[in-house]
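Visitor: Here's my sequence, what's the structure:
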Amino acid sequence: QVQLVESGGGLAQAGGSLRLSCAASGRTFSSYVMGWFRQAPGSVREFIAAINWSGGSTYYAGSVKGRFTISRDNAKNTVYLQMNSLKPEDTGDYYCAARRGPQLSSVGYDYWGQGTQVTVSS
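Guide: Modelled structure (predicted):
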């Protein structure tokens with residue numbers, strides 16, 4: 001079992017930055033692929049980024065590639081999402097998730113956090 005708690009959301013202006021954090025419980029955090037997803041108002045949840053157990057491999061959705069960076073600190077059981085050059089369309093609830101197994105993926109996540117809200121004003 002993994003419990004995930006996101007933080008760092010808030011209000012930002014277009015062009016600004018925010019960093020989200022996701023703290024995980026459990027001693028096997030380093031064995032999970034970690035991902036970030038977001039859900040805009042009235043839309044389905046979409047994949048944003050994923051990172052493998054070591055942090056050596058990452059995978060991004062096209063809409064955020066080059067602007068967002070996912071990273072992890074296994075010693076702190078925490079995964080991060082650095083969001084730069086924010087756009088109003090980045091507004092939504094952001095969720096972190098954990099996936100068993102070694103493969104980076106945009107689907108098949110087993111554990112989810114409760115989410116943190118990000119609002120980007122124009």
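Visitor: At which residues are the strands of this structure located?
Guide: Residue ranges of the strands in the chain, as given by DSSP state E, are 4-7, 10-13, 18-24, 33-39, 45-51, 58-60, 68-73, 78-83, 92-99, 111-112, 116-121.
Visitor: okay if I get the ones you listed as a markdown table plus mean pLDDT?
Guide: Formatted as a markdown table, the strands of the chain follow (pLDDT from 0 to 100):
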| stretch | mean pLDDT |
| --- | --- |
| strand 4-7 | 98 |
| strand 10-13 | 98 |
| strand 18-24 | 98 |
| strand 33-39 | 98 |
| strand 45-51 | 97 |
| strand 58-60 | 97 |
| strand 68-73 | 98 |
| strand 78-83 | 98 |
| strand 92-99 | 97 |
| strand 111-112 | 96 |
| strand 116-121 | 98 |
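Visitor: Ignoring the adjacent residues along the chain, who's closest to the residue nearest to the spatial centre of the chain?
Guide: Taking C-alpha atoms, centre = their mean as the criterion, W36 is the residue nearest the geometric centre of the chain, at 2.5 Å. In this structure, W36 finds its nearest non-sequential neighbour in I48, 4.4 Å apart by C-beta to C-beta, 6 or more residues apart in numbering. For every residue, glycine as well, the C-beta is placed using N, CA and C.
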